[in-house]
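**Q** this is a predicted model, with the sequence first.
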Number of protein chains: 2
Amino acid sequence: MTHDAASPTPASPGSALRLRLLLPEGAVGPGKIALLEAIRHTGTISGAARSLDMSFRRAWLLIDTMNAMFREPVVKATVGGKSGGGAELTAVGHELVERFRAIEAAARDIAAPHLARLDELAVPCADTGKTQDGDT
Amino acid sequence: MTHDAASPTPASPGSALRLRLLLPEGAVGPGKIALLEAIRHTGTISGAARSLDMSFRRAWLLIDTMNAMFREPVVKATVGGKSGGGAELTAVGHELVERFRAIEAAARDIAAPHLARLDELAVPCADTGKTQDGDT
């Protein structure tokens, strides 16, 4: 089972599509992409982790994992400025986010009529607060 | 981390797209879909499990989970015939498989140029035999 703060919230009570890119040295899904976006937004790893309700340690590990998946890092440290340094996306990091979101948006358009039909066939949400993550 | 016999095999050494449908009462991904296809092919839960190198217990639990996600079951028992009974997909089960595979095929077409570019940016596979499953 996974814990992923960035699972898409299905339009209540509808179904949703979630995707993951399997790269040669690991997978990138909505959790890692949300972390990159949060770094872009907050300018620090600690701020990004906080905004996603994630530990600093977990954020750091995810970034380290992603940096090792690409020939160049996706996140780099910034030095100076009024906050005394932080983190920002590299060109590769920006490109990863943009391509992931482009695939996701197009795939969701394609999936929409299928998901609408599956919604009709599905048992509605029992609102038990359980997560949407399954492992298969 | 997950164990999923049906993870797509990326075109070596390329990247691949994997998707999951988040329905109100649970997720359906390539593992559950492969199990349904194997039941369609083999006509029994035990044969399907064997063909996916999965325990009968796990196959049964996945089917039970899926049956509980829809207003009607996705798999039903068959009685009689030379083999003395087995399992087959219901209309809902067939529709779920067809819609999942339709979304997947279209999404992979969309993703192809993006994945080709990310392949250029990615560290190539170290061929360590590790799985492609990540949790974010």
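**A** The structure has been received and is ready for your questions. Residues are numbered from 1 along each chain as shown, chains lettered A, B, ... in the order given.

**Q** contacts and neighbour counts: CA atoms only from here.
**A** Will do.

**Q** look at A:F56 and say how many residues are nearby.
**A** A:F56 has 15 neighbouring residues, counting by other CA atoms under 10 Å in any protein chain shown.

**Q** kindly apply the preceding question to A:R58 instead.
**A** The burial count for A:R58: 11, using other CA under 10 Å.

**Q** if you count neighbours, what's buried in the strand or helix carrying it?
**A** Assigned by DSSP states H and E, A:R58 belongs to helix A:56-69. Neighbour counts over helix A:56-69 (16 or more other CA atoms under 10 Å in any protein chain shown) mark A:A59, A:L62, A:I63, A:T65, A:M66, A:N67, A:A68, A:M69 as buried.

**Q** and it with chain B, contact?
**A** Yes: using CA under 8 Å from any CA of the partner chain, helix A:56-69 reaches chain B at A:A68, A:M69.

**Q** which neighbouring elements make contact with that helix?
**A** Contacts defined by 3 or more CA pairs under 8 Å, 6 or more residues apart in numbering or on different chains; DSSP states H and E place helix A:56-69 against helix A:30-42, helix A:45-51.

**Q** ok, back up a step: ok, so of the buried residues of helix A:56-69, who is nearest A:D109?
**A** Nearest to A:D109 among the buried residues of helix A:56-69: A:M66, at 27.6 Å, using CA to CA.

**Q** next one: the residue lying closest to A:R71 once chain neighbours are set aside from A:M66, what distance?
**A** Closest residue to A:R71 apart from its sequence neighbours, by CA to CA, 6 or more residues apart in numbering or on different chains: B:V123 at 5.2 Å. Separation of B:V123 from A:M66 (CA to CA, to the nearest Å) stands at 10 Å.

**Q** who touches stretch A:68-85?
**A** A:23-26, A:36, A:63, A:66-67, A:86-94, B:121-123 (CA atoms under 8 Å, 6 or more residues apart in numbering or on different chains).

**Q** quick check on A:A77: phi, psi?
**A** Note on A:A77: backbone dihedrals following degrees, to the nearest 10 are phi -80, psi 140.

**Q** ok, what's across the strand from it?
**A** For A:A77, the beta-bridge partners are A:A87 (DSSP bridges).

**Q** how about the contacts made by the closest residue to A:L35 other than its chain neighbours?
**A** Counting by CA to CA, 6+ apart, A:A48 is the residue found nearest to A:L35 once chain neighbours are left out, at 6.4 Å. Applying CA under 8 Å, 6+ apart, we find A:A48 in contact with A:L35, A:A38, A:I39, A:H41, A:T42, A:A59.
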